[in-house]
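Peer 1: Sequence and predicted structure below; questions after.
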Amino acid sequence: MTRLKSPAVDGVPDRDLIATVEEQSAELKLLRREVEEWRRKYGKGEVRDLAFTNSAKEVEAVYTALDAAETDAEALGMPGFYPYTRGIHPTGYRGRLWTMRQFAGFGSAKDTNERYKFLLAHGQTGLSVAFDFPTLMGYDSDHPRSEGEVGKCGVAISSLADMETLFDGIPLDEVSTSMTINGPAVILYCFYIAAAEKKGIDSRALRGTIQNDILKEYMAQHAWVYPIEPALRLIVDCFEWSAEHAPQWNTISISGYHIREAGATAAQELAFTLADGFTYVERGIARGLDVDSFAPRLSFFWDIHNDFFEEIAKLRAARRIWARHMRDRYGAKDPKSLIMRFHSQTAGVTLTAQQPMNNVVRVAYQAMAAVLGGTQSLHTNSMDETLALPTEESVQVALRTQQVLAFETGVPNVLDPLGGSFYVETLTTELEREAESLFEQIEEVGGVVRGLETGWLQRKIAESSARQQWEIEQHRRVIVGVNEFVTDEPELRIELLKISEETEREQRSRMAKMRAERDGELVEQRLKALRDAASTSENLMPYILDAARAYCTLYEIRAAMETVFGAYREPVFF
Amino acid sequence: MRPIRVLVAKPGLDGHDRGAKVVAAALRDAGMEVIYTGLHQTPEMIATAAIQEDVDVIGLSILSGAHMTLIPRVQALVKAQGRDDILITGGGIIPKEDVDTLQRGGVGKLFGPGTPTTDLIAYIKDWAREKQEA
């Protein structure tokens, strides 16, 4: 696409411009004829009996400049410039590679601390905490509902004491730490801040992320605690407090990952996640915060699925939509409020229990899509994750996959190397349009919160999920080793990581000891102060932090607020 | 003969309900009467619902690794109510050796990821036919 020269100052186009326009229209005519002829001859040629679809719909056999023509220079920009379609950094991966951040956590805080030290020693550059289900739901390890679940799918953290063990010997002012926690996110955040304080590190020096995205919990992931409104209040409290006290901390990671894993299409993942993001921005503004005071600390998290080009286009579209809405709809002025920074993870749902070694290959392609889409950090899944938590060996292969991509393939050498591809540009524009149309539908049902209360959003996802399952069972979609290329050979035996029941017993006795040793009176005092503050409109962060410092447990803090906020009730349907 | 009644249940704290919902819809489409519990159920809640709803089958979906605690507990509670005729089956991320242990303890088939829904439907229908004939 050649660019037109600007008209002469007096408004009369000069000769060059007229010549250029004539040349272009001749070229366009020629191209149209060529494309038409090709489609007539080959458009209905003999093809395999398969659906040529991405996550949602059929794709054309070929894309040309005619399809991509709508992507103008303004929609593309240069890397590091509005609307950031081509990336947020003017130097791309030449300046700095993405952060290789493997999500890890299992057993006790001590077990996980050892895994972190192993990963850091092998060149990982950031930490990412996976909590067990009781922690994700705000239950202590010694709560009756935690029985059988302690340390199984992540690490058990029930108080500041466990957090101190988790980061023992790790310099919290040097690493960045991501914590996947939502319902009780602010509580774990406060444990982390208090653990850093005990090492003499101020919260202003801390770098990291809490997921803290409750809207997608109601939508897809389901680790909720409180009803929607008080949960949103806590998130805005966190934005407000962190703007002053933890300016380097990402206060939220607005996540498409779980929405996609629950069965959404790429366009739904894109639209629902961004709509969640807009909802948080609106809540922050409604609190009276200046949008530029908190928007620079909002980050995102995307799922990188199998359809290679669609995923790349999704990431490019996401940056463009965010920048446009933040500038034009919410009046953000700071460029940092306009740029979408994000973490990516390869799609767990695409991994198969059958022929698990094949997963290494899936993950490698997905990782490449994430990098071609310009991710800031990446988790690559391990091949054995559909069977159990990954072993050290399979985690290492996953990390090496990123290192091969970073240092051997040449992919990170050029910024947005697929920019200008007819296909990728067309897909990017189409995904943006589909997202805009979904935003309108969400508005029609009354916004995200209302859409969750009525189950509209959950149903949309469930419908897509059911359709995909049907397509797989009908062999319209091939899953290698599952519905095609199936072998009767015995399953490959790979060593699995087992979490012993011992972990739970030990954790319970550690909790008992901690409860006995702490200052019981101070605990009661701090919990009462928090309960009282919860029924006012005060920012609750300082109260939660004080409770954390006094070794109040996760469940005690959760329960103190629950007496005021109540609990969330799920709308059940299938 | 009344349709086969199935309780699809999510015990424990994990929130992964995609599989449970896909299975519930598939069983319903195959002509069974399906009740879905919703998330985060205790074994007590599940056993109570199964008995109140007078189901033939309980399908448990667990992806949290807590299967060795939760499945036997549901089984024991149902049995304590004198209803050991109810088939307890299910699926999730359950390592093979655990599947073997649970099946030796009287639990029905446990299905892993990637299982076509037609397999579950056939399994439940075969079980119901055999029970009918017995």
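Peer 2: Looks like it came in fine. Numbers count the residues shown, from 1 in each chain, chains lettered A, B, ... in the order given.

Peer 1: alpha carbons only for contacts and neighbour counts from here, please
Peer 2: OK.

Peer 1: list the buried ones in stretch A:538-550?
Peer 2: Going by neighbour count (16 or more other C-alpha atoms under 10 Å in any protein chain shown), the buried part of stretch A:538-550 is A:Asn539, A:Leu540, A:Met541, A:Tyr543, A:Ile544, A:Leu545, A:Asp546, A:Ala547, A:Ala548, A:Arg549, A:Ala550.

Peer 1: Now, those residues that are in helices?
Peer 2: Counting by DSSP state H, those place A:Met541, A:Tyr543, A:Ile544, A:Leu545, A:Asp546, A:Ala547, A:Ala548, A:Arg549 in helices.

Peer 1: For A:Lys314, the count of nearby residues, please.
Peer 2: 26 (other C-alpha atoms under 10 Å in any protein chain shown).

Peer 1: So it, which state does it fall into?
Peer 2: Secondary structure state of A:Lys314, per DSSP: H, G, I helix; E, B strand; the rest coil, is helix.

Peer 1: quick one, what contacts it?
Peer 2: Shown in contact with A:Lys314 (C-alpha atoms under 8 Å, 6 or more residues apart in numbering or on different chains): A:Ala266, A:Ala267, A:Leu270, A:Gly373, A:Thr428, A:Leu431.

Peer 1: quick one, what contacts the fourth one?
Peer 2: Pointing back at A:Gly373 there. For A:Gly373, the contacting residues are A:Gly87, A:Glu311, A:Ile312, A:Ala313, A:Lys314, A:Leu315, A:Arg316, A:Asp416, by C-alpha under 8 Å, 6+ apart.

Peer 1: now, the most widely separated pair of those?
Peer 2: A:Gly87 and A:Glu311 (14.6 Å; C-alpha to C-alpha).

Peer 1: who has more neighbours, those two?
Peer 2: Neighbour tally, A:Gly87 and A:Glu311, criterion other C-alpha under 10 Å: the higher count belongs to A:Gly87, 31 against 27.

Peer 1: could you pick out which of the buried residues of stretch A:538-550 are near chain B?
Peer 2: Contacts with chain B are made by none of those, judged by C-alpha under 8 Å from any C-alpha of the partner chain.

Peer 1: wait, B:Ala30 sits on B:Ile121?
Peer 2: Yes - at 7.1 Å, B:Ala30 counts as touching B:Ile121 under the criterion of C-alpha atoms under 8 Å.

Peer 1: The two - which one has more neighbours?
Peer 2: Neighbour count, other C-alpha under 10 Å: between B:Ala30 and B:Ile121, B:Ile121 has more, with 19 against 15.

Peer 1: Roughly how far does the more buried one sit from chain A?
Peer 2: In this view, B:Ile121 and chain A are 13 Å apart by C-alpha to the nearest C-alpha, to the nearest Å.

Peer 1: Contacts only, for that residue.
Peer 2: Counting by C-alpha under 8 Å, 6+ apart, the residues that B:Ile121 touches are B:Ala26, B:Leu27, B:Ala30.

Peer 1: any idea which element it lies in?
Peer 2: helix B:117-133 (DSSP states H and E).

Peer 1: Give the rounded mean pLDDT of that helix.
Peer 2: Across helix B:117-133, pLDDT averages out at 95.

Peer 1: Check which residues of it are buried.
Peer 2: In helix B:117-133, the ones that count as buried by 16+ other C-alpha under 10 Å are B:Thr117, B:Leu120, B:Ile121, B:Ile124, B:Ala128.

Peer 1: Closest one of these to chain A?
Peer 2: Of all the buried residues of helix B:117-133, chain A sits closest to B:Thr117, with 8.1 Å by C-alpha to the nearest C-alpha.

Peer 1: The closest one against B:Val23, yeah?
Peer 2: Yes - judged on C-alpha under 8 Å, B:Thr117 makes contact with B:Val23 at a distance of 6.6 Å.

Peer 1: what does chain B have sitting close to chain A?
Peer 2: Applying C-alpha under 8 Å from any C-alpha, one finds that chain B approaches chain A through B:12-18, B:21-22, B:24-25, B:36-39, B:42, B:64-70, B:93-95, B:112-114, B:116.

Peer 1: how about the helix or strand where A:Ala370 lies against chain B, any contact?
Peer 2: A:Ala370 is part of helix A:358-372, with elements assigned from DSSP H and E. No - using C-alpha under 8 Å from any C-alpha, helix A:358-372 stays clear of chain B, with a minimum separation of 13.6 Å.

Peer 1: any idea of the mean pLDDT for that helix?
Peer 2: Regarding helix A:358-372, the rounded mean pLDDT is 98.

Peer 1: Figure out how far it is from the centre of its chain.
Peer 2: In terms of C-alpha atoms, centre = their mean, to the nearest Å, the centre of helix A:358-372 is found 16 Å from the chain centre.
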